[in-house]
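J.: I would like the atomic coordinates for the input below:
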Amino acid sequence: MHIARLSLTCLFTFTFIVSCSTSNKQVKMPGTATVAAEAKLKAKEIVVAAVEAHGGLEKLKAVKNVVADMQTTTHTPMGPMDLQVALYQVYPEKMRQNIVTPQGEISVVFDGEAAFVMSVAGMQPLPPEMTTSLTDAAFRDTVPLLVHLSQNDVPVQYAGTEEVDGKPTSALLVKQPSGEIVKIFISEETHYIIKLAFRETEQGATMDKETFFSDFREVEGVQFAFHVRQNVNGELYTDNRVSNIKLNTELDESLFEVPE
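T.: Residues are numbered from 1 along each chain as shown. Here you go, the predicted structure:
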């Protein structure tokens, strides 16, 4: 009984002494400003590594346009549909896709301000929400995106680490022109951008989209993904296999103009 009381007394005394000794010392915890500064520095380091991995800032800034040919499989409720796509991308925002479908050829054109689609039925302007989506898509293109991030043209936030297809990545959050956030996943091994996650509204419905990049190959000193697939609401929607990429080719401005 006395031993028990003595033990409790000793424990209380020890706790009191430790409490008194630590109360006289200021335990410094990292403040909000310090954590924010460290996160900003981490984001900057990730961007610098990604820029170098994709070819370096000088080579990225030298890319004025991209022409690519690809085989695309679109998964629809009626089943998969194979398409041949020719893409013309002029930075920062102009884009044209010539798409050969089983029903004929169509072209989707975006001149940086307005978008329209052309087919055998004629020309039809696309609704404002599609223009918004195309503006964001141009912003998310790897080449101008990395240039913007490296030059601090847009704020970037470090969002921790996550696995993508079993590979560790660092995640960054960036606001798109629409105001929606795109989450960028950068491989910790290769420092390539291997995934984008974002939301888009089409025909009044908001959807979660994920774009995955793989099979990177060098084109004139710049790394491009030759395999791109996109999920919509967690389901595979498009699978793109690029066969050819050309940089800085002579392009006629009429490609991006409304035909008379």
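
J.: any idea of the mean pLDDT in stretch 88-104?
T.: What stretch 88-104 shows for mean pLDDT is 96.

J.: Pull out the buried positions in it.
T.: Neighbour counts over stretch 88-104 (16 or more other CB atoms under 10 Å) mark 88-91, 93-99 as buried. Yep, even glycine has a C-beta here, placed from its N, CA and C like the rest.

J.: Let me have those in CSV, extended by secondary structure and distance to Val147.
T.: Converted to CSV, the buried residues of stretch 88-104 look like this (DSSP: H, G, I helix; E, B strand; the rest coil; distance: CB to CB, whole Å):
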residue, secondary structure, distance to Val147
Tyr88, strand, 19
Gln89, strand, 14
Val90, strand, 15
Tyr91, coil, 9
Glu93, coil, 13
Lys94, strand, 16
Met95, strand, 17
Arg96, strand, 21
Gln97, strand, 23
Asn98, strand, 26
Ile99, strand, 28
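
J.: Out of the residues you listed, which two sit at the greatest distance?
T.: Tyr91 and Ile99 (21.2 Å; CB to CB).

J.: Just checking: what are the partner strands of the lengthiest strand in the chain?
T.: In the chain, with assignment by DSSP state E, the single longest strand is strand 205-219. According to DSSP bridges, strand 205-219 has the following sheet partners: strand 193-202 (antiparallel), strand 222-232 (antiparallel).

J.: List just the one of those strands that sits closest to Glu52.
T.: The closest of the strands paired with strand 205-219 to Glu52 is strand 222-232. By CB to CB, the value is 10.3 Å.

J.: and the angle from the helix or strand following the closest one to strand 222-232?
T.: Going down the chain from strand 222-232, the next helix or strand is strand 235-247, by DSSP states H and E. Put simply, strand 235-247 runs at 160 degrees to strand 222-232, going by axes from the mean of the first three to the mean of the last three CA atoms, to 10 degrees.

J.: Find out how far strand 235-247 is from the centre of the chain, if you would.
T.: Strand 235-247 sits 16 Å away from the centroid of its parent chain (CA atoms, centre = their mean, to the nearest Å).

J.: contacting residues around it?
T.: Residues outside strand 235-247 that contact it (CB atoms under 8 Å, 6 or more residues apart in numbering) are 63-75, 85, 219-220, 222, 224-231.

J.: ok, now stretch 42-55?
T.: 57, 60, 142-143, 146, 149-150, 156-158, 170, 172, 186, 190-193, 218, 221-223.

J.: Hmm, Leu83 is touching Gln97, no?
T.: No: at 9.7 Å, Leu83 does not count as touching Gln97 under the criterion of CB atoms under 8 Å.

J.: Report pLDDT for Ala115.
T.: On the pLDDT scale, Ala115 gets 95.

J.: ok, how many other residues are close to it?
T.: Neighbours of Ala115 under the rule other CB atoms under 10 Å: 20.

J.: ok, now which ones touch it?
T.: Contact analysis of Ala115 by CB under 8 Å, 6+ apart lists 108-109, 125-126, 130-131, 134.
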